[in-house]
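# sequence and computational prediction follow.
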Amino acid sequence: MGKRLTFRRAAQSAFRVPDLVLSPVYWYYAGKLEREVRQGKMPQHLGLILDGNRRYAKVTGLQREMGHELGVDKAHEVMQWCLELGIPAVTIWVLSTDNTSRDPQEVRHLMTLFEREARNLAADKRIHANRVRVRAIGQHHDFPTEVLSALQDLEAATAGHTGMLLNIAVGYGGREEIIDAVKAHLVTQAAQGLSLAEVAAALTPHDLSAQMYTAGTPDPDFIIRTSGEIRLSGFMLWQSVYSEYYFCDVYWPGFRRLDFLRALRDFQERKRRFGK
């Protein structure tokens, strides 16, 4: 905890909040926008691509690790916003399969964060008071034992909750998810004595949807990516066929409640056609 507070204080000293953020005009506008958003339809499944921790650290003169620490704090903050607005399902992408090939020191730091935050969430009173169910989705077989244990304990601690569903996509890749779904379907069908030709002839999109990491959860209707990058990078490739997208220029640690509300308003103003 002491290390985390040190990171936060260093960040605060290195990056001052603009005076505009503290002005009455800003808060009046934010309050007005929130009232408008609350009257509209909320996403039933929100996807969040948390991008820009390292670049945020670089432009604010902080160490790389501080960017990740601040990104964790922001994730807690945004989850609180989702709870307050009644969004029933949220999937946050915190580590891709490609990210695991980064500098080993950075990956070790990230794994330490995952273990710590999984333990923190399992004991978080807000999680239990709001009956939040947490699942870790992705490929975790190469994770350190202590990280796997923490993620499993978190899932077990919230398994009986029926409030908001929070999927934490860690060690996640969209292509890998589809491959895993195909493998799982083939194994299931082979166990029933079907030949490969029979499985192929009968295969439907529903069959694979039932094997996705998010099976049983509605597909995301809205996906937000921070940092200004305009691409999915493999996030929920199968499930996002009819998702609405919103790309925000701000880096993830700097993502404000106002940015979030603007994104939701944009979603509410769109007319979804589902290919029709």
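Thanks, I have it.

# so what's the residue count around the nearest residue to Leu194 once chain neighbours are set aside?
Leaving aside its chain neighbours, Leu194 sits nearest to Ala202 (7.9 Å; criterion: C-beta to C-beta, 6 or more residues apart in numbering). C-betas here are computed from N, CA, C, even on glycine. Close neighbours of Ala202, defined as other C-beta atoms under 10 Å, add up to 10.

# show the pLDDT at Ala202.
Looking at Ala202, its pLDDT is 97.

# could you do the one 3 residues further on as well?
Pro205 is assigned a predicted lDDT (pLDDT) of 97.

# Gln211 versus that one, what's the distance?
11 Å (C-beta to C-beta, to the nearest Å).

# which one's more surrounded, those two?
Using other C-beta under 10 Å, the more surrounded residue of Pro205 and Gln211 is Gln211, with 19 against 9.

# so what's the residue lying closest to that one once chain neighbours are set aside up against?
Closest residue to Gln211 apart from its sequence neighbours, by C-beta to C-beta, 6+ apart: Ala181 at 3.8 Å. Counting by C-beta atoms under 8 Å, 6 or more residues apart in numbering, Ala181 touches Leu208, Gln211, Met212, Trp238.

# so which residues of the stretch 1-150 of the chain form strands?
46-49, 89-96, 133-137 (DSSP state E, counting those that start in this stretch).

# mean confidence score for the first one?
Per-residue pLDDT values across strand 46-49 average out to 98.

# got the buried residues for stretch 76-91?
Val78, Met79, Cys82, Leu83, Leu85, Ile87, Ala89, Val90, Thr91 (16 or more other C-beta atoms under 10 Å).

# then stretch 111-118?
Met111, Leu113, Phe114, Glu115, Arg116, Glu117, Ala118.

# tell me the most buried of the strands of the stretch 1-150 of the chain?
strand 46-49 (a mean of 26; mean count of other C-beta atoms under 10 Å).

# any stretches of the stretch 1-150 of the chain with poor pLDDT?
Residue ranges of the stretch 1-150 of the chain with pLDDT under 70: 1-22.

# try it again with 90
1-30 (pLDDT under 90).

# which non-adjacent residue is nearest the spatially most central residue of the chain?
Centre of the chain computed as the mean C-alpha position; nearest residue by C-alpha atoms, centre = their mean is Ile92, 0.4 Å away. Leaving aside its sequence neighbours, Ile92 sits nearest to Leu48 (C-beta to C-beta, 6+ apart; 4.7 Å).

# with Glu146 instead?
Nearest-residue entry for Glu146: Glu115, 5.4 Å, with adjacent residues in sequence omitted and distances by C-beta to C-beta, 6+ apart.

# contact partners of stretch 256-264?
21, 26, 29-30, 33-34, 37, 40, 42-43, 78, 81, 85, 222, 224, 246, 248, 250.

# how does it look with 6 Å?
The contact list for stretch 256-264, computed with C-beta atoms under 6 Å, 6 or more residues apart in numbering, reads Ala30, Leu33, Glu34, Val37, Trp81, Ile224, Tyr246, Cys248, Val250.

# top of those by neighbour count?
Scoring the contacts of stretch 256-264 on neighbours with other C-beta under 10 Å, the highest-scoring entry is Ile224 at 25 neighbours.
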